[in-house]
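Asks: here is my input, please return the structure:
(2 chains)
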Amino acid sequence: GESVGLHLPTLSVQEGDNSIINCAYSNSASDYFIWYKQESGKGPQFIIDIRSNMDKRQGQRVTVLLNKTVKHLSLQIAATQPGDSAVYFCAENMNTGFQKLVFGTGTRLLVSP
Amino acid sequence: NAGVTQTPKFRVLKTGQSMTLLCAQDMNHEYMYWYRQDPGMGLRLIHYSVGEGTTAKGEVPDGYNVSRLKKQNFLLGLESAAPSQTSVYFCASSNRTGDLNQPQHFGDGTRLSIL
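Replies: As a prediction, the model looks like this:
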């Protein structure tokens, strides 16, 4: 498959484990954050978002935590499955008006059966 | 439910040739974006549009032009392709609900090689 990013940080887990992927963002004024999943040869797929007035948001098997004090975002995936193997990256919205996202370079998640 | 559709999926050009990448969305979104994705780098914004008939420059606009003649379509043009424009190009669209941004939705990309 096509590589969407060379030399990406890689997290290797066993099927059924919980995964935590971290992201540091740059702008303390950012008000909106998104996690995307990108499989080889595909476009980024929306997973979950969170606004700056929240510190936690849960979806189906995923939880996003936001720590504004240290400008840190994390994505937790419960009971990781082989189908979760992909590159995950966070994005921050640095404008208070029109959405203009700044994307991280991503973390590769490898899930072994 | 098609979402965001990009054509073509693959293309090889010679230096100096021109081409247009097509993006169509069926979600009635106001905002559309063109990004490029290169190894080791995050997605970088080329141009964007906040509505039909409007366009604006993003982070890396040089060598590209865009048009948004219809709300559902956003075209990216390369007038004279250069090897540095070899990349994967993604189109995205999004909306706002009141004052709240909504997530951008992406197409599956156009893989462009310039020889």
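Asks: so, low pLDDT: which residues of chain B?
Replies: Across chain B, the ranges flagged by pLDDT under 70 are B:1.
Asks: tell me what the spatially most central residue of chain B is bridged to.
Replies: Centroid-nearest residue in chain B, with C-alpha atoms, centre = their mean: B:W34, separated by 2.5 Å. Using DSSP bridges, the beta-bridge partners of B:W34 come out as B:H47, B:C91.
Asks: correct me if wrong: it contacts B:P61.
Replies: No. Look at B:W34 against B:P61 with C-beta atoms under 8 Å: they stay out of range, at 9.4 Å. All C-beta spots, glycine's among them, are computed from the backbone N, C-alpha and C.
Asks: hey, where'd the strands end up in chain B?
Replies: Along chain B, the stretches classed as strands by DSSP state E are B:4-7, B:10-13, B:19-25, B:31-37, B:44-49, B:56-57, B:64-67, B:73-78, B:87-94, B:96-97, B:100-101, B:105-106, B:110-114.
Asks: please see if the last one touches chain A.
Replies: Right, strand B:110-114. Yes. Using C-beta under 8 Å from any C-beta of the partner chain, strand B:110-114 reaches chain A at B:R111.
Asks: tell me the angle of that strand relative to strand B:87-94?
Replies: Angle, strand B:110-114 to strand B:87-94, by axes from the mean of the first three to the mean of the last three C-alpha atoms, to 10 degrees: 150 degrees.
Asks: mind listing what's buried along strand B:110-114?
Replies: Residues of strand B:110-114 classed as buried under the neighbour-count rule (16 or more other C-beta atoms under 10 Å in any protein chain shown) are B:110-112, B:114.
Asks: tell me which parts of chain B are close to chain A?
Replies: For chain B, the contact set with chain A under C-beta under 8 Å from any C-beta comprises B:4, B:31, B:37, B:39-45, B:48, B:50, B:58, B:88, B:90, B:92, B:94, B:96, B:100-101, B:103-109, B:111.
Asks: what do you get if the cut-off is 6 Å, keeping everything else the same?
Replies: With C-beta under 6 Å from any C-beta of the partner chain as the criterion, chain B meets chain A at residues B:39-40, B:42-43, B:50, B:90, B:94, B:101, B:103, B:106-109.
Asks: of all the buried residues of strand B:110-114, which comes closest to chain A?
Replies: Nearest to chain A among the buried residues of strand B:110-114 is B:R111, at 7.5 Å by C-beta to the nearest C-beta.
Asks: which residues sit in contact with the most centrally placed residue in chain A?
Replies: By C-alpha atoms, centre = their mean, chain A has its centre lying nearest to A:W35, at 3.7 Å. Neighbour list for A:W35: A:47-48, A:75, A:90 [criterion: C-beta atoms under 6 Å, 6 or more residues apart in numbering or on different chains].
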